[in-house]
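**Student:** prediction below, plus the sequence it came from.
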Amino acid sequence: MPRLIALTLFALLLGSAAQAAERPQHLRIALLITAQSAGSPEAFTVSGGRWRTERKLVHTALLVDHPQGRFLFDSGLGREIDSAFAANNWLNRTLLAYEQLDPALDQLERAGYQAEDIDFILPSHLHWDHLGGLPDFSHTPVKVLPSGLQEAREHGQRPAFLPEHLAGPREWQTLSLRDTPYAGFARSLDLFGDQRLVLVDLSGHTAGQVGLFVNLDSGRRLFFIGDTSWTLRGVEQNRSRPQFVQWIAHVDSDREANARVLQQIHQLHLQHPELLIVPAHDEQVARQLAHFPQFED
Ligand SMILES: [Zn+2]
């Protein structure tokens with residue numbers, strides 16, 4: 001009898017794995033929190049932020065499950081991040097400390113997915129905390145704007161970029177935006193041609209950073225803005241990261257360009273308060289999204 005129970009359980013597990021990997025009928029999304037920061041005063045994250053408010057920014061991957069493709073927008077921190085991170089100097093290890101590591105692939109596998117079930121990875125930009133999951137998906141193509149890849153390869157340095165994320169055999173697929181305005185942005189790319197997933201250029205924080213609009217069947221609209229701001233507070237108040245953070249860690253490739261993009265997103269937020277703006281690291285906004293294995297559609 002125990003054997004029968006074991007066989008039944010095995011069949012059920014197989015069934016749920018097959019179900020997990022099935023293509024959905026319509027677009028759905030789920031956020032994976034892969035780690036959180038060890039904590040810092042909000043004043044470190046946005047100028048004018050409060051010193052007594054502790055923020056625990058999160059490192060995330062967004063699972064986007066569309067009938068025509070399943071991908072991760074950002075990959076969070078992955079299984080090999082501890083050893084890659086250990087090579088940073090003391091100051092950067094302290095400033096960028098993280099905890100509660102739970103890599104995207106671990107979470108996916110617990111729910112019956114495999115790395116092969118992800119068609120591609122689309123990072124908002126190529127910094128370490130957005131590409132950290134990449135080594136776990138060694139055969140998965142990565143889609144990028146050419147300017148982002150060029151900057152990372154030619155000028156990318158620790159701690160913002162980790163060389164191991166760019167090395168090795170990997171299919172880097174080039175995205176090209178079209179001259180189709182979208183939500184006030186001059187150029188855009190409608191990923192699957194149905195207006196549900198639209199990319200725009202948010203270059204500034206890095207060259208070739210992209211933002212992703214998600215238009216769900218429910219009518220809810222979300223805009224994932226990468227690291228244009230670390231917090232929604234920055235968008236609401238049109239405030240950049242503190243200058244001292246830029247001096248210490250040279251966070252933005254082009255701080256002025258990032259400020260212009262932030263201003264644009266701030267305006268969009270004022271005009272469309274119903275649009276949920278999602279900075280990649282804002283743990284408070286993250287609470288408003290479905291967390292994998294739950295989905296929102
Ligand atoms: Zn980041």
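**Tutor:** Here it is on my side, so go on.
**Student:** so the single nearest residue of the stretch 151-297 of the chain relative to the ion, which state does it fall into?
**Tutor:** Proximity of the stretch 151-297 of the chain to the ion (Cβ to the ion) peaks at Asp227, 4.4 Å away. Bear in mind the C-beta positions are built from the backbone N, C-alpha and C, glycine included. Following DSSP: H, G, I helix; E, B strand; the rest coil, Asp227 is assigned to coil.
**Student:** show the pLDDT at it.
**Tutor:** Asp227 is assigned 97 on the pLDDT scale.
**Student:** contacts only, for it.
**Tutor:** With Cβ atoms under 8 Å, 6 or more residues apart in numbering as the criterion, the residues that contact Asp227 are Ser124, His125, His127, His130, His205, Gln209, Val251, Pro279, Ala280, His281.
**Student:** buried residues, stretch 92-103. List them.
**Tutor:** Using 16 or more other Cβ atoms under 10 Å as the burial criterion, the residues of stretch 92-103 that qualify are Asn92, Leu95, Leu96, Tyr98, Leu101, Pro103.
**Student:** what's the closest of these to the ion?
**Tutor:** Distances from the ion to the buried residues of stretch 92-103, taken as Cβ to the ion, are shortest for Leu96 (9.5 Å).
**Student:** can I assume the closest one is in contact with Asn88?
**Tutor:** Yes: using Cβ atoms under 8 Å, Leu96 is in contact with Asn88, at 7.1 Å.
**Student:** mutual contacts of those two, please.
**Tutor:** Pro159.
**Student:** give the contact list for Arg52.
**Tutor:** Going by Cβ under 8 Å, 6+ apart, Arg52 touches Pro41.
**Student:** what secondary structure does it sit in?
**Tutor:** Looking at Arg52 with three-state DSSP, the answer is coil.
**Student:** and it, how close does it get to the ion?
**Tutor:** 24 Å (Cβ to the ion, to the nearest Å).
**Student:** and this structure, which residues reach the ion?
**Tutor:** Taking Cβ under 5 Å from the ion as the contact definition, the chain meets the ion at Asp129, Asp227.
**Student:** mind listing the helices for the chain?
**Tutor:** Secondary structure of the chain, counting by DSSP state H: helices at 2-21, 81-86, 90-95, 104-110, 128-131, 146-155, 163-166, 232-237, 243-249, 255-271, 283-286.
**Student:** quick revisit: by pLDDT, rank the contacts of Asp227 and give me the bottom one.
**Tutor:** Least confident entry in the contacts of Asp227, by pLDDT: Val251, with 89.
**Student:** touching, that one and Arg241? I think so.
**Tutor:** Yes: the pair Val251 / Arg241 is scored as a contact, 6.0 Å apart, by Cβ under 8 Å.
**Student:** higher neighbour count, these two?
**Tutor:** A side-by-side neighbour count of Val251 and Arg241, using other Cβ atoms under 10 Å, places Arg241 first with 26 against 19.
**Student:** can you pull the contacts of whatever residue of the stretch 1-150 of the chain ends up closest to the ion?
**Tutor:** Closest residue of the stretch 1-150 of the chain to the ion, Cβ to the ion: Asp129 (4.4 Å). Applying Cβ under 8 Å, 6+ apart to Asp129 gives the contacts His59, Gly76, Leu77, Leu96, His281.
**Student:** cutoff 10 Å now
**Tutor:** By Cβ atoms under 10 Å, 6 or more residues apart in numbering, Asp129 lies in contact with 34-35, 37, 57-60, 74-77, 81, 85, 96, 98, 159-160, 162, 227, 280-281.
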